[in-house]
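[1] sequence first, predicted coordinates after that:
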Number of protein chains: 2
Amino acid sequence: MEERHAIQTSVDPVIFTVFDGQLHTLVVKRTIEPYKGCWSLPGGLVDTEQDLDLHSAALRKLKEKTNVAAPYLEQVETVGSASRDPRGWSVTVVYYALMPRPEIALAATHGASEVRWEPVTDGTAAIPLAFDHEKLVRLALERLRAKVGYTSVAVHLLPEPFTFLDIQHIHEVILGRKVEKKSLMRRYLGSGVIEEAQGARKEGRMRPAQLYRLKDRRTIHYFTRTMEGPREE
Amino acid sequence: MEERHAIQTSVDPVIFTVFDGQLHTLVVKRTIEPYKGCWSLPGGLVDTEQDLDLHSAALRKLKEKTNVAAPYLEQVETVGSASRDPRGWSVTVVYYALMPRPEIALAATHGASEVRWEPVTDGTAAIPLAFDHEKLVRLALERLRAKVGYTSVAVHLLPEPFTFLDIQHIHEVILGRKVEKKSLMRRYLGSGVIEEAQGARKEGRMRPAQLYRLKDRRTIHYFTRTMEGPREE
DNA sequence: CGTTCAAGTGTCTTTGAGCCACTTATAATA
DNA sequence: TATTATAAGTGGCTCAAAGACACTTGAACG
């Protein structure tokens, strides 16, 4: 009776960051069977002794691998079936997290186990992942892409302070297409999600750009319309 | 080791239907402790012996209580914590389902246990529910309200064939405000989600209305913009 | 045959996206 | 000091779709 209903339950955070003009996600090398030696998401079983709820379980996993305490974190979807783990029925709650590229070296923060940023190209990670984790990455990316179109989530990937060119680049990297500078400025200036920071960034011999920071790093703003993409003719 | 990680896992479908000009949700009376005698969502534990995955577990619960095999069903969110069930750590995956008001009597389809439609007013059920089920209903309703604004989900609550007045009423009941007839016609006629059905409904001595049906009862259509609500002045 | 009433249409205003040319500010160079 | 290159930022157009609401249409009934 008990055995039929108690299920192995994990959280799998898909941690996104952007550098080198590419979206990356954090993967760790598995040290135990099954899939020993394969790369996988930095998730793991919920621990009923130390986790109060699912959200804090996801935060714990995040903290263990990246040492970042308070990124933007959002639940995506839950997948569970008899077949996704060879050991039997299992459930995993998928999250995605956005953070600026951490300065600290990853390996140092997590002792022995291997950790690294894997580029996400065209919807999936470049290397094969354990279990159904490639599908989980795809789910998280789909959600992120949709949400970037009608909210201010994308800027949570930027270190502060940032310029409008940074905002534009981050949108273009996530969506994989050009976006209109003017549309972004209308949105972000009109909504009050960002505020001016001191100073201005000058790069090379061009006009210096105004610097901004987020007013609130824990919430996102919902714009009234979705970005439409390029016009057809 | 096993005990710390294997968690009681359930699915809780919030089943919506509309009649008497009100949104209703299906509740059942609990026959066992805890919360014996209280009303609750028609959910229950995932059964690893008979359920292949979470979605089919939700469909099974639905079939057991309503005898409806193929409604519109969508995952909302997963909540899990040490405190939501007095017996200990538990996880539940919340779904919402939309169906036309079933003609058959509910009690007859499910033997002994009491089942009934409870009106959902102003965001919550009118009576208190077991566990955190009122919060789960609120989560499902929030999702439904948001989604009605930019998709064709709402019509999955209508029995076929239906008229444009039916479409308008269903939107007004869910959103709790007046909706522009013209906007709905632009959306639904322009998108091809509905098709004309034979005949026309005449009520009283007015002009008869064209009847429609859904082209596909398993999917929904995403419109390009969200409804905006009334203009302020 | 005219009245009644919802069904359905015409059409104006408003909002915000896409597009793209134009002006502005800085630093390197002549 | 003047010129020029380059990115920063603005102005202003077109377009699609929402809101608002008056208008026309058509069947039923006296």
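    Arrived safely.

[2] please name the spatially closest residue to A:Y35 (chain neighbours excluded).
    Nearest residue to A:Y35, sequence neighbours excluded (C-beta to C-beta, 6 or more residues apart in numbering or on different chains): A:A130, at 3.6 Å. C-beta: built from backbone N, CA, C; applies to glycine.

[3] OK, contacts around the one you found?
    A:R30, A:P34, A:Y35, A:C38, A:W39, A:S40 (C-beta atoms under 8 Å, 6 or more residues apart in numbering or on different chains).

[4] make it 10 Å
    By C-beta atoms under 10 Å, 6 or more residues apart in numbering or on different chains, the contact list for A:A130 reads A:27-30, A:34-41, A:85.

[5] and if you look at A:V79?
    Residues counted as contacts of A:V79 (C-beta under 10 Å, 6+ apart) are A:12, A:90-94, A:131-132, A:135-136, A:139, B:53-55, B:75, B:93.

[6] grab the longest helix from chain A for me.
    helix A:133-148 (DSSP state H).

[7] circling back to that earlier point, need the pLDDT of the residue nearest to A:Y35.
    For A:A130, the pLDDT comes out at 94.

[8] near DNA strand C at all, stretch A:150-165?
    No. Stretch A:150-165 stays clear of DNA strand C (C-beta under 7 Å from any atom of the strand), getting no nearer than 8.4 Å.

[9] just the buried residues of that stretch, please?
    By 16 or more other C-beta atoms under 10 Å in any protein chain shown, the buried positions in stretch A:150-165 come out as A:150-158, A:161-164.

[10] reformat those as a markdown table; add secondary structure and distance to A:G190.
    Formatted as a markdown table, the buried residues of stretch A:150-165 follow (DSSP: H, G, I helix; E, B strand; the rest coil; distance: C-beta to C-beta, whole Å):
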| residue | secondary structure | distance to A:G190 |
| --- | --- | --- |
| A:Y150 | coil | 14 |
| A:T151 | strand | 14 |
| A:S152 | coil | 12 |
| A:V153 | helix | 17 |
| A:A154 | helix | 16 |
| A:V155 | helix | 15 |
| A:H156 | helix | 19 |
| A:L157 | helix | 21 |
| A:L158 | coil | 19 |
| A:P161 | coil | 20 |
| A:F162 | strand | 18 |
| A:T163 | coil | 18 |
| A:F164 | helix | 13 |
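
[11] among these, which pair sits farthest apart?
    Taking C-beta to C-beta, the two most distant members of the buried residues of stretch A:150-165 are A:Y150 and A:P161; they sit 24.6 Å apart.

[12] tell me where chain A has strands.
    For chain A, the strands defined by DSSP state E cover A:6-19, A:22-29, A:39-40, A:44-45, A:72-81, A:90-98, A:115-121, A:124-125, A:194-201, A:209-214.

[13] which stretch in those strands has the least confidence?
    Mean pLDDT is lowest for strand A:124-125 among these, at a mean of 76.

[14] name the strands paired with that strand and say parallel or antiparallel.
    Using DSSP bridges, the strands paired with strand A:124-125 are strand A:115-121 (antiparallel).

[15] which residues sit against the strand it pairs with?
    A:14-29, A:39, A:42, A:64-66, A:101-102, A:105-109, A:125-127, A:129, A:137-138, A:140-141, A:144, A:173-174, A:176.

[16] tell me the buried residues in it?
    A:V115, A:W117, A:V120.

[17] my read: A:H5 touches B:V11, true?
    No. Here A:H5 lies out of contact with B:V11, judged by C-beta atoms under 10 Å, at a distance of 11.7 Å.

[18] looking at the two, which one has more neighbours?
    B:V11 (29 against 18; other C-beta atoms under 10 Å in any protein chain shown).

[19] pretty sure the more buried one contacts B:Y96?
    No. B:V11 lies out of contact with B:Y96 (C-beta under 10 Å); the separation is 11.6 Å.

[20] give me the common contacts of these two.
    B:A58, B:Q75.

[21] A:E49: neighbour count?
    Other residues within reach of A:E49, judged by other C-beta under 10 Å, total 9.

[22] show the pLDDT at it.
    94.

[23] show me the contacts for it.
    Residues counted as contacts of A:E49 (C-beta under 10 Å, 6+ apart) are B:E3, B:R4, B:H5, B:A82, B:W89.

[24] nearest residue to the third one other than its sequence neighbours?
    Which is B:H5. The shortest distance from B:H5 to any non-neighbouring residue, by C-beta to C-beta, 6+ apart, is to A:L45 (4.2 Å).

[25] who's the one you found bridged to?
    A:S10.

[26] hang on, it packs against A:R60?
    No. Applying C-beta under 10 Å as the test, A:L45 and A:R60 come out as separate, 11.1 Å apart.

[27] can you work out which residues contact both of the two?
    With C-beta under 10 Å, 6+ apart, A:L45 and A:R60 have common neighbours A:V11, A:D51.

[28] how about the residues of chain A that lie near DNA strand C?
    Residues of chain A lying near DNA strand C (C-beta under 7 Å from any atom of the strand): A:179-183, A:186-187, A:202, A:205-208, A:223-225, A:227-231.

[29] neighbours around A:M227, how many?
    Neighbour count of A:M227, defined by other C-beta under 10 Å: 15.

[30] excluding its backbone neighbours, what's nearest it?
    Using C-beta to C-beta, 6+ apart and skipping residues adjacent in sequence, the residue nearest A:M227 is A:G149, 4.8 Å away.

[31] what about the one you found, neighbour count?
    A:G149, neighbours per other C-beta under 10 Å, totals 18.

[32] domain assignment for chain A?
    The record's domain parsing of chain A by automatic domain parsing lists A:2-134, A:153-214.

[33] hey, which of those domains is tucked in deepest?
    domain A:2-134 (a mean of 18; mean count of other C-beta atoms under 10 Å in any protein chain shown).

[34] that domain and DNA strand D, are they touching?
    No. Using C-beta under 7 Å from any atom of the strand, domain A:2-134 never reaches DNA strand D; the gap is at least 14.6 Å.

[35] from the chain's centroid, how far away is that domain?
    Offset of domain A:2-134 from its chain centre (C-alpha atoms, centre = their mean, to the nearest Å): 11 Å.

[36] who's in contact with the residue most central in space within chain A?
    For chain A, the residue nearest the mean C-alpha position is A:F16 (3.0 Å; C-alpha atoms, centre = their mean). Neighbour list for A:F16: A:23-26, A:71-72, A:96-99, A:117, A:120, A:137, A:140-141, A:144, A:156-157, A:174 [criterion: C-beta under 10 Å, 6+ apart].
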